[in-house]
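Chemist: Model the structure of this input:
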Amino acid sequence: MASSKFHIQFHTTSTSSTSSYHLEKMHNKNVSKTFNYSFKPNSSLWIRIDLSTITFYPSQKIKSSSMCNQMELLLKYTRQVLAISFNKGNSKKKSIEEIQIPWNQIASFRIIENHDIEVVFCEGFKAKFCYHGKDNTKSRVFTEEMSKDPSGGLMKGATSLVLSPCLKVHPMTIKMFNIGIQRFRFADDSNYNYMNDHYLNKVIVDDDDDDNIYNINNNISSETENRSEIVDDDLIYITIVFLTHNRAMLTPMNIPLNTLLENIQKRFETKIKSFEYKNINGDLITVINEDDWKVALWNINKFRNRRIKIYLNN
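Modeler: Purely as a prediction, here's the structure:
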């Protein structure tokens, strides 16, 4: 993926009040659960935004990434935290350092100009610093609390952040993220629009609960495939069938085949050259090129309620 850089303008909408910064110790330094699944503790999060830059206020210091998958904003539903992850290393030796901000420590969250995201913290907010890595056997993932600030100390004294998504991030992803945080953090606010709930329920189908992410025998489609909700007109709901489990994702209706394959490979860390789907007659049809994909889109648009189940050909 080519590097993406975002020009960030300093905003004056952040709060000017100072706050005392605290590091909240995690109850368990070493998480007891271990897993035999591909390493990416946040890979199953339904809503994730790749970031280009983070601006810390009031210092106005900027942290940027040279590649689009180095910094991520995550909505961790089961843990009720907003997380900023910093991906370190390479495929052979990968680790993730993470800032976790509990939802009740967020005073406001909104989308501003250029699809930038502004997060304002409560006074005296608390955050956690975590480290996700592999042990020496490379078959087990662990998480532990760390004292080092993954941002290089920029979180100290910060009262708000402005986060700039990478250019490749679809505006619908930003919209879904905003709906999610508004629902789960600010649902008791009289300004919250509960009409968003129906939309959100179609989006949050997977989260970062450890048992769900890393248990390869867990089949998430048992719940999501039986849902009767209709996906929005510009989105399609894709169930991806692996040998031992199923996964799901929402994607724009007009997505090119090459982009779809690239997204699947990155998100689920698998190689894919083509895939198959069942048409209205139950026949398995192979999708190899863009024309095949257009036929598949026509089928799901006409017969499948904007849903498709695909079987990977590696």
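
Chemist: what's the burial count for Lys271?
Modeler: Neighbourhood size, Lys271 [other Cβ atoms under 10 Å]: 9. Using the backbone N, CA and C atoms, a C-beta is placed for each residue, glycine as well.

Chemist: and if you look at Val169?
Modeler: Val169 is flanked by 20 other residues according to other Cβ under 10 Å.

Chemist: low pLDDT regions in the stretch 151-300 of the chain?
Modeler: The model of the stretch 151-300 of the chain has pLDDT under 70 over residues 187-233.

Chemist: can you map out the strands along it?
Modeler: Assigned by DSSP state E, counting those that start in this stretch, the strands in the stretch 151-300 of the chain fall at 160-165, 235-241, 246-252, 274-278, 284-287.

Chemist: Need those strands in a markdown table (columns: distance to Phe142).
Modeler: A markdown table is the format used below for those (distance: least, Cβ to Cβ, whole Å):
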| stretch | distance to Phe142 |
| --- | --- |
| strand 160-165 | 28 |
| strand 235-241 | 27 |
| strand 246-252 | 23 |
| strand 274-278 | 33 |
| strand 284-287 | 38 |
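
Chemist: Just give the nearest non-adjacent residue to Thr173, would you?
Modeler: Ile49 (6.1 Å; Cβ to Cβ, 6 or more residues apart in numbering).

Chemist: CA atoms only: put the helix or strand containing the one you found into CSV for me.
Modeler: Using DSSP states H and E, Ile49 sits within strand 48-57. What follows is strand 48-57, C-alpha atoms only, in CSV (Å, rounded to 0.1, in the frame of the first residue of the first chain):
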residue,chain,number,x,y,z
ARG,A,48,-11.4,0.6,12.7
ILE,A,49,-9.9,3.7,11.2
ASP,A,50,-6.3,3.9,9.9
LEU,A,51,-4.8,7.2,10.9
SER,A,52,-2.4,9.5,9.1
THR,A,53,-1.7,12.1,11.9
ILE,A,54,-2.6,12.7,15.5
THR,A,55,-2.5,16.3,16.8
PHE,A,56,-2.3,16.7,20.6
TYR,A,57,-3.8,19.8,22.3
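
Chemist: Neighbouring strands of that strand in the sheet, and parallel or not?
Modeler: strand 61-64 (antiparallel), strand 71-76 (antiparallel), strand 160-165 (antiparallel) (DSSP bridges).

Chemist: before we move on, back to that, okay, the strands of the stretch 151-300 of the chain, which one's buried deepest?
Modeler: Scoring the strands of the stretch 151-300 of the chain by mean neighbour count under mean count of other Cβ atoms under 10 Å gives strand 160-165 as the most buried, with a mean of 23.

Chemist: The strands paired with strand 48-57: which one's closest to Lys278?
Modeler: Ranking these by proximity to Lys278 (Cβ to Cβ) places strand 71-76 first, at 32.2 Å.

Chemist: now the helices: where do they sit in the stretch 51-200 of the chain?
Modeler: Using DSSP state H, counting those that start in this stretch, the helices of the stretch 51-200 of the chain run over 171-186, 196-201.

Chemist: could the ones you listed be laid out in CSV, adding mean neighbour count and distance to Glu262?
Modeler: Shown next, in CSV, are the helices of the stretch 51-200 of the chain (neighbours: other Cβ atoms under 10 Å; distance: least, Cβ to Cβ, whole Å):
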stretch, mean neighbour count, distance to Glu262
helix 171-186, 18, 15
helix 196-201, 13, 26
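
Chemist: how about those helices, which one is nearest Met249?
Modeler: Using Cβ to Cβ, the nearest of these to Met249 is helix 171-186, at 10.9 Å.

Chemist: Let me know the angle separating the closest one from strand 235-241.
Modeler: Counting by axes from the mean of the first three to the mean of the last three Cα atoms, to 10 degrees, helix 171-186 lies at 90 degrees to strand 235-241.

Chemist: Against which helices or strands is helix 171-186 packed?
Modeler: Using 3 or more Cβ pairs under 8 Å, 6 or more residues apart in numbering; DSSP states H and E, the elements in contact with helix 171-186 are strand 48-57, strand 71-76, strand 106-111, strand 117-121, helix 196-201.
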